[in-house]
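sequence? don't have it. structure:
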């Protein structure tokens with residue numbers, strides 16, 4: 001599996017590792033974008049970047065739940 005958004009980072013083995021790397025990446029992005037800017041700007045950028053990570057986590061949870069319910073639904077349909 002490829003993670004183009006993590007170019008330059010080690011390849012994660014599980015989703016939790018991926019999310020931790022994305023959170024670390026968010027902090028790095030904040031530092032780069034906020035050089036010479038105030039704390040308020042830095043906080044806003046970090047918040048935006050971390051909200052992206054949160055959306056990925058929510059999507060993964062929804063997908064996992066959907067996948068775990070699928071076999072049950074197939075059994076119900078067959079019976």
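That came through, no problem. Keep in mind the model is a prediction, meaning the values are calculated, not measured.

and residue 57, backbone torsions?
In this entry, residue 57 is assigned phi and psi values of phi -60, psi -40 (degrees, to the nearest 10).

which regions of the chain sit below the pLDDT cut-off?
The model of the chain has pLDDT under 70 over residues 1-7, 70-79.

quick one, strands of this protein?
Secondary structure of the chain, counting by DSSP state E: no strands present.

Relative to the whole chain's centre, how far out is stretch 36-55?
Between the mean C-alpha location of stretch 36-55 and the chain-wide mean there is a distance of 15 Å, by C-alpha atoms, centre = their mean, to the nearest Å.

got it, and stretch 9-20?
Going by C-alpha atoms, centre = their mean, the spacing between the C-alpha centre of stretch 9-20 and its chain's C-alpha centre is 9 Å.

What residues of it count as buried?
Of the residues in stretch 9-20, those buried by neighbour count under the rule 16 or more other C-beta atoms under 10 Å are 12, 18-19. The way it works is simple: take the backbone N, C-alpha and C, and place the C-beta from them, glycine included.
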